[in-house]
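Q: After the sequence you'll find the predicted model.
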Amino acid sequence: MFWQEIAAKGVQRVCDAINDREAFDMAERYGAHNYHPLPVNVVRAEGGFVWDGSGKRYLDCIGAYSALAHGHLNPKIVKSLVDQAAKLTLTGRANNTTEMALFDKALCLYTGMDKVCPMNSGAEAVETCVKIARKWAYTVKGVPKDRAEIIACAGNFHGRTTTLVGFSDNAQYHDLFGPYSTGFKLIPFGDAQALTEAITPNSAAFLAEPIQAEGGVIVPPPGYMAEVRRICDDQRVLLIWDEVQTGFCRTGKPFAWMHEDAKPDLMAVGKALGGGLLPVSAAVGCNEAMEVLEPGDHGSTFGGNPLACAVAVASIAEMVVQEYDRKAQALGNRLVEGFAKAAMKKVKEIRGLGMLVGLELADGVDALAVQHAFVNEGVLTKETRHRTFRFTPPLTVDFGFIDEIISRVKRVLS
């Protein structure tokens, strides 16, 4: 009966008949327990709001971890998806498509980079940068084979593949998944002198997030990014910025490195590139690094598929035309100022840039109780590391939405 009902009614009608409790039970029974979601079953969304099955409306302050920069179901991006889905969706990379060619051009123009290697997830984009950096080290810099090192930062989050968690210092991400790939070295985040001291003749690249979002919205000291760029230039080391979460206007600039003109040699992008509709990512970079790739070195069946490319191009166009960078700066300033004026005693620190804002709780405050209280108040946000609640709502909301966040958070924490 299960398959017959789906075939007869369609997936959407079947889903509409499932209540929140049944959905929770089904996910618990059949899904792997690799997430611990909030006790909210989202059944529909629009703009910056989501609704559960009982009709309760929530302010979406998670925004799919920065992926929903355009808001839920942005009409122009949805139209691009529907139009493309009726024409061509997938061919693989055995041939070229006009949509991928346009995507490559659009992403190069927007990032200021020379070439694009399209992928799907943010982790894939970072892995691609790692592979390119290693091959560059061997074929261009002259590092002995299998001796290349990549320097990364403590507190990092670059994804959950076995390679990437292998150089995480978060015990839950790292422990019990080894053995791991070698060739990585960790230094403190925000410490340019530590980078200088860590570089050796075998150093291929420095890989870091401009702001550690998953690590607790940790913002480096002023001048850090520019100094890192100078060090990498002086020492003949590639600079790789992971802008999967910080990119595409989230911090008030198209990319966070632009706050200090610290242009990378390679960059991983994703999340908001998919317009809140599809997983789309890419490794982008300068010719010297990207041209080490040869046919067969790397690939992805779905990377650069026409449907994803059409959505991504529409997403970038919307960001440019609607000036999302300016919106993020204005909205973020209002959010931070509002939190500060509320003078909430249970808050230890407010950190962030643009619409990437972290609210760190004071020592002794029950973070789990606070999270439940946020849900009761209709605010969707989750604690990340360092007892910090992250606020990354869509960049399309208005000041009224921001003021409502401030008001509800104040009620919870005051």
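A: Happy to help now that I have it. Numbers count the residues shown, from 1 in each chain.

Q: which residues in the stretch 101-250 of the chain form strands?
A: 115-119, 149-153, 184-187, 203-208, 238-242 (DSSP state E, counting those that start in this stretch).

Q: Now mean pLDDT, mean neighbour count and distance to residue 287 too, for those, in JSON lines please.
A: All C-beta atoms are positioned from the backbone trio N, CA, C, and that covers glycine. Below are the strands of the stretch 101-250 of the chain laid out as JSON lines (pLDDT from 0 to 100; neighbours: other Cβ atoms under 10 Å; distance: least, Cβ to Cβ, whole Å):
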{"stretch": "strand 115-119", "mean pLDDT": "98", "mean neighbour count": "23", "distance to residue 287": "6"}
{"stretch": "strand 149-153", "mean pLDDT": "98", "mean neighbour count": "24", "distance to residue 287": "21"}
{"stretch": "strand 184-187", "mean pLDDT": "98", "mean neighbour count": "17", "distance to residue 287": "26"}
{"stretch": "strand 203-208", "mean pLDDT": "98", "mean neighbour count": "26", "distance to residue 287": "16"}
{"stretch": "strand 238-242", "mean pLDDT": "98", "mean neighbour count": "27", "distance to residue 287": "13"}
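
Q: Including distance to residue 88, could those strands go into TSV?
A: TSV is the format used below for the strands of the stretch 101-250 of the chain (distance: least, Cβ to Cβ, whole Å):
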stretch	distance to residue 88
strand 115-119	16
strand 149-153	37
strand 184-187	40
strand 203-208	35
strand 238-242	31
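
Q: Can you tell me which of those is nearest to residue 361?
A: strand 149-153 (23.7 Å; Cβ to Cβ).

Q: which parts of the one helix or strand residue 29 maps to are buried?
A: Using DSSP states H and E, residue 29 sits in helix 20-30. Judged by neighbour count (16 or more other Cβ atoms under 10 Å), helix 20-30 contains these buried residues: 20, 23.

Q: could you give me the average pLDDT of that helix?
A: The pLDDT scores in helix 20-30 average 96.

Q: Show residues contacting the helix or strand following it.
A: Moving toward the C-terminus from helix 20-30, the next helix or strand (DSSP H and E) is strand 42-46. Contact with strand 42-46 is made by 15-16, 20, 50-53, 58, 60, 71-73, as judged by Cβ atoms under 8 Å, 6 or more residues apart in numbering.

Q: before we move on, what about stretch 329-338?
A: 251-252, 350, 352-357, 391, 395, 397, 399, 402-403, 405-406.

Q: Filter these down to the ones in strands?
A: 350, 352-353, 356-357, 391 (DSSP state E).

Q: Quickly name whichever of the residues you listed is closest to residue 161.
A: Relative to residue 161, the closest of the ones in strands among the contacts of stretch 329-338 is residue 356; by Cβ to Cβ it sits at 23.6 Å.

Q: Kindly supply the ChimeraX command isolating those of the contacts of stretch 329-338 that are buried.
A: Of these, the buried ones can be selected in ChimeraX as follows, counting by 16+ other Cβ under 10 Å:
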select :251,252,350,352,353,354,355,356,357,391,395,397,402,405,406
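
Q: residues in contact with residue 199?
A: Listed by Cβ under 8 Å, 6+ apart, the contact partners of residue 199 are 151, 231, 235, 237.

Q: quick revisit: quick one: which of the strands of the stretch 101-250 of the chain is nearest residue 413?
A: strand 149-153 (30.1 Å).

Q: Could you find the closest non-adjacent residue to residue 314?
A: residue 80 (3.7 Å; Cβ to Cβ, 6 or more residues apart in numbering).

Q: Could you check the pLDDT of the one you found?
A: Per-residue pLDDT puts residue 80 at 98.

Q: Numbering from 423 from now on, please.
A: That works, and once the first residue is 423, the last one we named lands at residue 502.

Q: For the helix or strand containing it, buried residues please.
A: Secondary structure assignment for residue 502, by DSSP H and E: helix 497-507. Of the residues in helix 497-507, 499-500, 502-503, 506 count as buried by neighbour count, 16+ other Cβ under 10 Å.

Q: just to revisit the earlier point, and for the helix holding residue 451, what are the contacting residues?
A: Helix 442-452 is contacted from outside by 440, 461, 463, 465, 474-476, using Cβ under 8 Å, 6+ apart.

Q: ok so, going back, which of the contacts of strand 464-468 are buried?
A: Among those, the ones that count as buried by 16+ other Cβ under 10 Å are 442, 472-475, 480, 482, 493-494.

Q: so which two of those are the farthest from each other?
A: Maximum distance among the buried ones among the contacts of strand 464-468 (Cβ to Cβ): 23.3 Å, for 442 and 493.

Q: how many other residues sit next to the nearest residue to residue 525 once chain neighbours are set aside?
A: In space, residue 525 comes closest to residue 731 once its chain neighbours are excluded; the distance is 3.7 Å by Cβ to Cβ, 6+ apart. As a burial measure, residue 731 scores 26 neighbours (other Cβ atoms under 10 Å).

Q: In a helix, residue 731, correct?
A: Yes: the assignment for residue 731 is a helix, going by DSSP: H, G, I helix; E, B strand; the rest coil.

Q: how close does it get to residue 703?
A: Using Cβ to Cβ, to the nearest Å, residue 731 is found at 12 Å from residue 703.

Q: which residues are common contacts for those two?
A: The contact lists of residue 731 and residue 703 share residue 540, where a contact means Cβ under 8 Å, 6+ apart.

Q: Averaged pLDDT, the longest helix along the chain. What do you get?
A: If you go by DSSP state H, the chain has its longest helix at helix 746-764. The average pLDDT for helix 746-764 rounds to 97.
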